[in-house]
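Engineer: sharing a model prediction with you, sequence too.
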Amino acid sequence: VSSLFVKDLTDMTFWVRLSLKKAEANELQQNMNNVPEKLYI
């Protein structure tokens, strides 16, 4: 296995993880927005 291939694979996993985290954060943000503001008072 060439090191370039390994590097590509690592980069890919990194980006997948990154986009998953981003999606999770967006979902969390939307859930927060959906919460009635009475809970914050």
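Structural biologist: Thanks, I have it.

Engineer: what distance do you get for Asp8 to Lys22?
Structural biologist: 21 Å (C-beta to C-beta, to the nearest Å). Using the backbone N, CA and C atoms, a C-beta is placed for each residue, glycine as well.

Engineer: likewise Thr10?
Structural biologist: 19 Å.

Engineer: and what of Leu28?
Structural biologist: Separation of Leu28 from Lys22 (C-beta to C-beta): 11 Å.

Engineer: Asp11 too?
Structural biologist: For Asp11, the distance to Lys22 - C-beta to C-beta - is 16 Å.

Engineer: Asn33 too?
Structural biologist: Counting by C-beta to C-beta, the gap from Asn33 to Lys22 is 17 Å.

Engineer: report the rounded mean pLDDT for stretch 15-33.
Structural biologist: Across stretch 15-33, pLDDT averages out at 91.

Engineer: show me the helices in this protein, by range?
Structural biologist: 3-34 (DSSP state H).

Engineer: look up how far Phe5 lies from the residue nearest the centre of the chain.
Structural biologist: The structure's the chain has its C-alpha centroid closest to Lys21; by C-alpha atoms, centre = their mean the separation is 1.4 Å. According to C-beta to C-beta, Lys21 and Phe5 sit 25 Å apart.
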